[in-house]
Structure formats: C-alpha cells, structure tokens
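1. Structure for the following, please:
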Amino acid sequence: MTSYKKVAVLLGGLSAEREVSLSSGAGCAKALREEGFEVVEIDPKTSDLSAQLHAAKPDVVFNALHGRWGEDGCVQGLLELLRIPYTHSGVLASAVAMHKQRTKDIYQAAGLPVVKSIVVDRREAAARHLMEPPYVVKPVNEGSSVGVFIIRKGDNRPPEALGSEEWNLSNEMMVEEFVPGRELTVAVMGGKALGVTEITTGLEFYDYEAKYSDGGSKHVLPAKIPEAITKEAMRLAEAAHVALGCRGVSRTDLRFDDTGAKPRLILLETNTQPGMTPTSLVPEQAAYAGYSYGKLCRWIVEDASCDR
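-> Model prediction:
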C-alpha cells in the first residue's frame, strides 16, 4: 500500500495540447479526490513550476501534461532533481518516445514492424514530393495529430502550409509512407496490454478534430478483428513499451493493413502520457480489463517513483 497522501496533478502546460491536458488533469484530480487523496492542481503555464511544487509540498506528482515540455523528459528531469516521485515514464523514455523518428529507430532495432520514413526541414517538405504519394508529413515531436498532413495520390504538391511564415510548430518534420487500413490502439499498464480498440472516423483521418470533437470518432472495443491479429497487436504494444523503457501506463498506436493479399500490423508511435479524460482510450480499455476510472488513477499514483 502506498504511503502517498498528497498528490499534485500537473495539467495545462505550454504545448499545443494544452486544452487536452486541462481536461485530462481535471478528470484525474476529481477521481483521485474521490479515492481519498488530498489533491492540488498545478498549471506550469501560470507561474514557475518549481516554486509551485515547493509551495505545495506534494508526496507525489501525477503528470497529466501532454506534448512538449511535459511529455518529453523536461518535467521528468525537474522532478528527478527535486526528488519528487512522479507517474508515467522517466526522462529517457519520455524524450525518446516524443521524437517519432527516434521511436521508430528503437522499434526497428527491436525487430518491430515499421514503414519507411525520413526527417527533413518543413520547408523542404513543402517544396516537393520527397517520396511517392501517398505519404504522411508530421512534426517529429507533437502529439494529438497536431500538424499532420496526408498527401494522396494525384496531389500535385505538398501542402503550402508547411512553408508558411505563420507555422508555429516544429521545423523538423517526418515524411512517412502512408499505411492503408484500420486504426488500432493498445494500452499497456504495468507491462501488460489491456485490449485492442479500433478507431473509426468519418473525417479524412484520425486527426485532432476527430480525437476531441463530439462525434468525431468511434471507439470499438474489443476491435472486430481476427483473434490472431488481436494477440499480435497486444504483443507488439507490450514489446514497444519494453523497448522504449516505458513505465506505468503507455498507449501504442498501430495500423492494421488488411487491404492486400497478406495482412500486416505496422507500429506508428507510443504515447508515454496518453489522454486520461474519463472517455479517453486508456480509461476505456482499463474499464474493459476491470479497472474503474478511479482505480486506474489510483494505480498510476501508487506506481509512481523517482529514477524511472
């Protein structure tokens, strides 16, 4: 049984995923209060995070930040220096998993299935086709499908937005072969996969709007796919969690390409701090595996430590 009593929930932050993090953090804070913890909510955007933590004096930090500066090893490093136990993955796993190409390099080294990709400056990606369409262009270090473009067969050139002076995301972009088929995701909790969800959307792809707008997407749990594919997707997610050195809860996204003669599963990315609103994918899979939302949040807190 954990000795943690006072929990600081980090939420909001400075990234493009601020609004999602505010929702995740508010949900977790409410659930943890209902589980009997004393909870203080801290938004790093409002004032100095170190000072806020010093004033709050929490026993443990529940990191509900998403995206850059919260999910990429920066906050984890601060918490290590302050010696405050924290949730989810540590400095190295967080930093590596936030960089999509570094993640794929580790997948590949571990023998996990990926597709061809290159990393270029966004202006180079805007100037000409760097691989035969269809392909995907996305920032190497953003989440929630922020800044993602799909270039289809027949498109004359990449989107002009990539070369815009108003672009406010990373200049480093990954250009990746497009994988047709179905969107799957697998949550891993303590090294064990919880289930496989298929995500369907009426939009062009599972983008920010599809993820967070009412009715933007539908979650099918368990996914209606062959049992062998379910088992393999869960195995791959567990292997990705281990290869990246993740801790606590992670969520790995895959494509199930059933359009050709030989079906295949392709790993896309691993989220070290996945969405945690009550209706997010991880809480849904946890409920499917027998964990209420409150019990999931409690488990994450009790799993917290330094030196992750």
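
2. could I get stretch 254-271 in CSV with only the CA atoms?
-> Extracted C-alpha coordinates of stretch 254-271, given in CSV (Å, rounded to 0.1, in the frame of the first residue of the first chain):
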residue,chain,number,x,y,z
LEU,A,254,-0.9,0.8,-34.9
ARG,A,255,-2.3,0.4,-38.4
PHE,A,256,-3.8,-2.9,-39.5
ASP,A,257,-3.4,-3.1,-43.2
ASP,A,258,-5.9,-5.6,-44.4
THR,A,259,-6.1,-4.2,-48.0
GLY,A,260,-3.5,-6.5,-49.6
ALA,A,261,-3.1,-10.2,-50.0
LYS,A,262,-1.1,-10.5,-46.8
PRO,A,263,-2.5,-8.6,-43.8
ARG,A,264,0.1,-6.7,-41.7
LEU,A,265,0.4,-4.7,-38.5
ILE,A,266,2.6,-1.6,-38.5
LEU,A,267,3.6,0.4,-35.4
LEU,A,268,3.1,4.2,-35.6
GLU,A,269,4.0,5.6,-32.2
THR,A,270,3.9,5.1,-28.4
ASN,A,271,2.3,7.7,-26.2
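
3. Report the buried residues of it.
-> 254-257, 264-271 (16 or more other CB atoms under 10 Å). C-beta: built from backbone N, CA, C; applies to glycine.

4. Kindly reformat the residues you listed as JSON lines containing secondary structure.
-> As requested, the buried residues of stretch 254-271 are exported to JSON lines (DSSP: H, G, I helix; E, B strand; the rest coil):
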{"residue": "254", "secondary structure": "strand"}
{"residue": "255", "secondary structure": "strand"}
{"residue": "256", "secondary structure": "strand"}
{"residue": "257", "secondary structure": "strand"}
{"residue": "264", "secondary structure": "strand"}
{"residue": "265", "secondary structure": "strand"}
{"residue": "266", "secondary structure": "strand"}
{"residue": "267", "secondary structure": "strand"}
{"residue": "268", "secondary structure": "strand"}
{"residue": "269", "secondary structure": "strand"}
{"residue": "270", "secondary structure": "strand"}
{"residue": "271", "secondary structure": "strand"}
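
5. between the residues you listed, which is nearest residue 69?
-> When the buried residues of stretch 254-271 are compared for distance to residue 69 (CB to CB), residue 271 wins out at 15.7 Å.

6. Okay, now the unreliable bits of this protein?
-> Across the chain, residues meeting the criterion (pLDDT under 70) sit at 1-2, 143-146, 156, 202-216.

7. can you map out the strands along it?
-> 6-10, 38-42, 60-63, 117-121, 135-139, 149-151, 172-177, 182-189, 192-193, 197-200, 218-220, 249-257, 264-271 (DSSP state E).

8. Need the winner for burial among these.
-> When you average the neighbours per residue for each of these (mean count of other CB atoms under 10 Å), strand 60-63 leads with a mean of 26.

9. Can you name every helix or strand that it contacts?
-> strand 6-10, helix 18-34, helix 74-82, helix 293-302 (3 or more CB pairs under 8 Å, 6 or more residues apart in numbering; DSSP states H and E).

10. send the alpha carbons of the shortest one over as CSV?
-> To tie it back to what came earlier, the one meant is strand 6-10. These are the backbone C-alpha positions of strand 6-10, laid out as CSV (Å, rounded to 0.1, in the frame of the first residue of the first chain):
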residue,chain,number,x,y,z
LYS,A,6,-0.9,14.5,-1.1
VAL,A,7,-0.9,14.4,-5.0
ALA,A,8,0.0,17.3,-7.2
VAL,A,9,-1.7,16.9,-10.6
LEU,A,10,0.2,18.8,-13.3
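
11. Note down every partner strand of that strand and its orientation.
-> Strand 6-10 sits in its sheet next to strand 38-42 (parallel), strand 60-63 (parallel), going by DSSP bridges.

12. got the CA coordinates for the shortest one in CSV?
-> This means strand 60-63. Backbone C-alpha positions of strand 60-63 (Å, rounded to 0.1, in the frame of the first residue of the first chain) are rendered in CSV as follows:
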residue,chain,number,x,y,z
VAL,A,60,3.9,12.6,-5.4
VAL,A,61,3.2,14.2,-8.8
PHE,A,62,0.6,12.9,-11.2
ASN,A,63,1.8,14.2,-14.6
